[in-house]
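Participant: Everything below, folded, please.
(3 chains)
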Amino acid sequence: MEAQFGWGREEGGWRKGPWTAQEDKLLVEYVRQHGEGRWNSVAKLTGTGPTLVTNPRFSPGFDAGLKRSGKSCRLRWVNYLRPDLKRGKITPQEESVILELHALWGNRWSTIARSLPGRTDNEIKNYWRTHFKKGKPSKNIERARARFLKQRREMQSRQLLQQGQDQLHQQQQQRHADHDGDDEAVGEASTPAISLLAQQHEEELQLLQQQDMDDLLFQFCPMAASCTSSSCLLPGVASASASEEGTSGDHHQLDGGDTWGWGSLWNLDGVVDDGGWDDTSFSLLQDQALAFY
DNA sequence: AAAAAATTCAACCGCTTATTT
DNA sequence: AAAATAAGCGGTTGAATTTTT
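Facilitator: Okay, the predicted model is just below:
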């Protein structure tokens, strides 16, 4: 019934490969009796106690002990048998959290997992890799990305427009003060760069709107909502959380060049200095965004 | 209908960090 | 204080399953 798998056999005395229901039972029983931890003693203590030895379910001479290394036992418990694990698919809400926290912390799966009760680091890691890893972005994340960029653009073009208007206003007033009743056509020529930029962004924006991906996006990707609300738009939050690390575990690269976009897009390290969200950092980010687009 | 390709995810490995002896 | 042992972490693997051709 088992051991039909290519890799189900023994190596150095320890069984390896997929766990059987029987093995699970032994491990669960072990934890019930001895608690979590001391995994190396599982093999010694399972199935050898008087209750199990005399249990008629085990034929005489059959070694009922669990022939698994401590490491394997711990893994099985932590990732699969623990009763507080949440089974079933990752919910859209959870996905949203994963995306956000990964943007913040990179591949620190166990850190991310702490914010997702009932989910293991392994599970989250798998989820991330299968859904958001470079090369094969799912349709969902593709849409999410588009939305993210769109929001950024909307914001920027609004900013630019406002800037241009302010500037124009200022110049007009200045001119009024300087020499009284003069022309007003000059103002347009003096802010061509900004208005042009703003116009370009409006055009890009409209292009995106034509594609009309919002409805689909919302249906599939909750991140759309979080984009506006949390860390990615609030440098204060992001930099505060980001600075909390950097003490010891810094050898983890935040975003090894092969994962795409999000890490570098959302992680504001090195872009935002002391919580300031100025135009330069914005356009820097914008450039990064465009590079991926 | 079946073969091939793609995806999923449980479990492994090697390494680092923490705890115990 | 340091060596040994245990726990924890993240990357990788590959059998099983699902999807595509």
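
Participant: show me the contacts for the closest residue to residue A:125 other than its chain neighbours.
Facilitator: Counting by C-beta to C-beta, 6 or more residues apart in numbering, residue A:125 lies nearest to residue A:109, which is 4.5 Å off, once chain neighbours are set aside. In short, each C-beta sits where N, CA and C put it, glycine included. Contacts for residue A:109 (C-beta atoms under 8 Å, 6 or more residues apart in numbering) come out as A:121, A:122, A:124, A:125, A:128.

Participant: Whichever of these end up buried, select them in ChimeraX.
Facilitator: Applied in ChimeraX, the following selects the buried portion of the contacts of residue A:109 according to 16 or more other C-beta atoms under 10 Å:
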select /A:121,124,125,128
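
Participant: quick one: which of the contacts of residue A:109 is nearest DNA strand C?
Facilitator: Set against DNA strand C, the nearest of those by C-beta to the nearest atom of the strand is residue A:121 (4.8 Å).

Participant: Show only the entries of the contacts of residue A:109 found in strands.
Facilitator: Judged by DSSP state E, strands contain none of these.

Participant: The contacts of residue A:109: which ones sit near DNA strand B?
Facilitator: residue A:122 (C-beta under 7 Å from any atom of the strand).

Participant: contacting residues around stretch A:65-85?
Facilitator: For stretch A:65-85, the surrounding residues in contact (C-beta under 8 Å, 6+ apart) are A:10, A:13-16, A:19, A:23-24, A:26-28, A:30-31, A:36, A:38-44, A:46-48, A:117-120, A:122-123.

Participant: Just the buried ones from the residues you listed?
Facilitator: Of these, these count as buried by 16+ other C-beta under 10 Å: A:15, A:19, A:23, A:26-27, A:30-31, A:39, A:42-43, A:46-47, A:119-120, A:123.

Participant: Farthest-apart pair in those residues, please.
Facilitator: Within the buried ones among the contacts of stretch A:65-85, A:47 and A:119 form the most distant pair, 31.1 Å apart (C-beta to C-beta).

Participant: any idea how far residue A:104 is from residue A:120?
Facilitator: 19 Å (C-beta to C-beta, to the nearest Å).

Participant: cool, and residue A:165?
Facilitator: Counting by C-beta to C-beta, the gap from residue A:165 to residue A:120 is 52 Å.

Participant: Format the contacts of residue A:109 as JSON lines; extra columns: distance to residue A:91 and pLDDT.
Facilitator: Formatted as JSON lines, the contacts of residue A:109 follow (distance: C-beta to C-beta, whole Å; pLDDT from 0 to 100):
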{"residue": "A:121", "distance to residue A:91": "18", "pLDDT": "94"}
{"residue": "A:122", "distance to residue A:91": "18", "pLDDT": "95"}
{"residue": "A:124", "distance to residue A:91": "13", "pLDDT": "94"}
{"residue": "A:125", "distance to residue A:91": "17", "pLDDT": "94"}
{"residue": "A:128", "distance to residue A:91": "15", "pLDDT": "92"}
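
Participant: Brilliant, that's me finished.
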